[in-house]
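Novice: test case, fold it:
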Amino acid sequence: MVEGEEDLVVVVGGGLAGCLAGLLLARDGRRVEVYELRSDPRKSSNAGPQRSINLALSTRGLTALALAGLDASLREIGVPMYSRCLHQPSGSIEYQSYGQRGQFLVSVSRSKLNSMLLDALDSEPRAKIVFGAKCIAVDLQRTSVTFEMSDSTSSTHTVHPSFVIGADGTFSRVRSTMARAPCFDVSQAYIPAGYKELSIPISNGHNFHRNSLHIWPRGKYMLIALPNLDGSLTCTLFMDFNGKESFEQLQTSKEVTAFFSRNFPDALDAMPSLVDDFQRNPTPPLVTIRCAPYHDLQSGRTVLIGDAAHAIVPFFGQGINAGFEDCRILLQLLKEHNYDLSQALPAFSKTRKPNADAIAQLALQNYEEMASHTASPWFLWSRRVGLLVNRLAPGLFVPLYSLVSFSNTPYAEAVALAAQRKRSVRTALGVAGATLATTAVAIVASAATAAWIRRSSSRS
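Specialist: You can find the predicted model right below:
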């Protein structure tokens, strides 16, 4: 059973996954303290720079939010997206449904989602949020965490909880402490591309479809845009840092404008602040982080979730969904094991590690699909056929994208299931093709025989 300071759970990191984990545990009767490095992001005057890139919530994330009772609140800040809108190099536009009728993603501002979760935490009597708290030390053996407070005293504050959740992001202090302990594996791998956040304001009167995720696929780079409630779009340019067509080649306002004029002319017309946004906003790198196990092997009372456990690139739109799914499954396992951490946390690592690795690989593979394949007529045709087969025979074939985005099927199981069904469909098509070929040969042979008989009869 959980022991310690009155069953206190400390969550390091007040971002999206940390807030949801704290909220779910508080509503399950735990006493929770969430410590966040930033000042309160809801107070714009002192929150500092915020990441503005929009998120695409799918079934996994929506399920976890519904468990916390936040589905109605989400509808007030999110925009449903039923399709991809592909802006082809030729200037044509192609709409591509995400799934079957009624299936959609939800575009939501990261900052608005974080504020919604913080508001929900504030309403919980068993939850406490501490802002301006920098994690400077984690003692795994004693299960203690020390924070440096950003108040006027710059004092340090040490807590001794019974249970620590590391939700402190890609460059997690909790994970770095676990990495110094024996039998803990961790790796990081950057891809050559980074990203730049841009915007299309509503004031410009654009006519981009409101309920679609817009993609400009251009091979080695791409622009995407997600809708906001007010009709504006939050855009992201993904491209390599170096090379012939890369960020290093876009240094001047003239170069930026010329590049967009060549590649995204319809977007350029709707981006009056393009040059200012491009030159002002940073160009962060994209990294995949893998580690194992997700729980510490010292006292067994610390666990990692979200990006702290498995940061992934954003090309399958599953980073936040995987993080929220962590929260749901962690709570489920804690309850199943009556909060016996010696059972629940190893079970969490065993359950989540292969699935996190699976979605990390899918996300890397999906960059090529989004940047290149979505512009291919063959890709568009095969995707339409896949959705049609799924509609006609849902038990026979479900596209991998649908398994990942519109179900709670574990990621690794979804990959294996999609591969198995793909082989079954190919086999069925092969049998059907062989049958058609045999039938065609028989028809041709029959016709040839009949013709020979008619010629023979005419001679006689």
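Novice: residues contacting the host helix or strand of residue 328, please?
Specialist: Using DSSP states H and E, residue 328 falls within helix 319-336. With contact meaning C-beta atoms under 8 Å, 6 or more residues apart in numbering, helix 319-336 is reached by 16-17, 20-21, 24-25, 28, 55, 57-61, 63-65, 67, 165, 303, 305-307, 309-312, 344, 347-348, 351-352, 355-356, 359, 363, 408, 411. (Each C-beta comes from the backbone N, C-alpha and C, glycine too.)
Novice: do the same with stretch 350-357
Specialist: 290, 292-294, 309-310, 312, 322, 326, 329, 333, 410-413.
Novice: report the rounded mean pLDDT for the helix holding residue 328.
Specialist: Looking at helix 319-336 alone, the average pLDDT works out to 98.
Novice: buried ones in the following helix or strand past it?
Specialist: Moving toward the C-terminus from helix 319-336, the next helix or strand (DSSP H and E) is helix 341-371. Neighbour counts using 16 or more other C-beta atoms under 10 Å place 341, 344-349, 351-353, 355-364, 366-367, 369-371 of helix 341-371 among the buried residues.
Novice: quick one: helix 341-371 to chain centroid distance?
Specialist: Its chain's C-alpha centre and that of helix 341-371 lie 11 Å apart, by C-alpha atoms, centre = their mean, to the nearest Å.
Novice: now do that helix against helix 319-336, angle only.
Specialist: On the basis of axes from the mean of the first three to the mean of the last three C-alpha atoms, to 10 degrees, helix 341-371 is oriented at 160 degrees to helix 319-336.
Novice: CA atoms only for the top strand by length along the chain, dumped as PDB, please.
Specialist: Counting residues, the longest strand found in the chain (DSSP state E) is strand 185-200. Presented in PDB, the C-alpha positions along strand 185-200 are these (Å, rounded to 0.1, in the frame of the first residue of the first chain):
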ATOM      1  CA  ASP A 185      18.200   2.700 -20.100                       C
ATOM      2  CA  VAL A 186      17.600   6.000 -21.900                       C
ATOM      3  CA  SER A 187      18.300   7.200 -25.500                       C
ATOM      4  CA  GLN A 188      17.500  10.300 -27.500                       C
ATOM      5  CA  ALA A 189      17.500  10.700 -31.300                       C
ATOM      6  CA  TYR A 190      17.000  14.000 -33.200                       C
ATOM      7  CA  ILE A 191      15.700  14.100 -36.800                       C
ATOM      8  CA  PRO A 192      17.100  16.600 -39.300                       C
ATOM      9  CA  ALA A 193      14.000  18.700 -39.300                       C
ATOM     10  CA  GLY A 194      12.700  21.400 -36.900                       C
ATOM     11  CA  TYR A 195       9.500  23.500 -36.900                       C
ATOM     12  CA  LYS A 196       8.400  27.100 -37.000                       C
ATOM     13  CA  GLU A 197       5.100  28.300 -35.600                       C
ATOM     14  CA  LEU A 198       3.100  30.700 -37.800                       C
ATOM     15  CA  SER A 199      -0.500  32.000 -38.100                       C
ATOM     16  CA  ILE A 200      -3.300  32.800 -40.400                       C
END
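Novice: point out the other helices and strands that that strand packs with.
Specialist: Contacts defined by 3 or more C-beta pairs under 8 Å, 6 or more residues apart in numbering; DSSP states H and E place strand 185-200 against strand 233-240, helix 274-280, strand 285-292, helix 341-371.
Novice: list the buried residues of that strand.
Specialist: In strand 185-200, counting by 16+ other C-beta under 10 Å, buried: 191, 193-200.
Novice: all good on my end, thank you.
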